[in-house]
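In: requesting a structural model of the entry that follows:
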Amino acid sequence: MSEHNDPAIDPSEFRRVLGHFPTGVTIVTGIEGDAPVGFTIGSFTSVSLDPPLVLWSLAHAAASLAAFRGG
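Out: Predicted coordinates:
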């Protein structure tokens, strides 16, 4: 049985989905207050299946840093 906090995320399904991801370029989105924020990144990678974790990097000078730091 999985040890992560969300039993709805199956580690084998998470692995299968991330296995279809061809490059490190993606879009990360979120909400700050009522406004959507987002940016294109080139630093997305899988870190762990259990717990299910991904890694992406954001520059300290990014305009959306505060929105994502709060999340």
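In: C-alpha only now, for contacts and for neighbours.
Out: Will do.
In: for the lengthiest helix in the chain, what is the distance to the chain centroid?
Out: Selection of the longest helix in the chain by residue count, based on DSSP state H, yields helix 11-19. Between the centre of helix 11-19 and the centre of its chain there are 14 Å (Cα atoms, centre = their mean, to the nearest Å).
In: buried ones in it?
Out: Neighbour-count burial for helix 11-19, counted by 16 or more other Cα atoms under 10 Å, picks out 11, 14.
In: elements contacting the helix or strand just after it?
Out: Next helix or strand after helix 11-19 toward the C-terminus (DSSP states H and E): strand 26-32. Helices and strands touching strand 26-32, by 3 or more Cα pairs under 8 Å, 6 or more residues apart in numbering; DSSP states H and E, are strand 35-41, helix 65-70.
In: could the ones you listed go into a markdown table alongside distance to I9?
Out: Putting the helices and strands packed on strand 26-32 into a markdown table (distance: least, Cα to Cα, whole Å) gives the following:
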| stretch | distance to I9 |
| --- | --- |
| strand 35-41 | 24 |
| helix 65-70 | 22 |
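In: which stretch in those has the least confidence?
Out: Here the lowest mean pLDDT among the helices and strands packed on strand 26-32 goes to helix 65-70, at a mean of 83.
In: contacts for that one, please.
Out: Outside helix 65-70, the residues that touch it by Cα atoms under 8 Å, 6 or more residues apart in numbering are 30-32, 37, 58-59.
In: kindly recompute the last result at 7 Å.
Out: With contact meaning Cα atoms under 7 Å, 6 or more residues apart in numbering, helix 65-70 is reached by E32.
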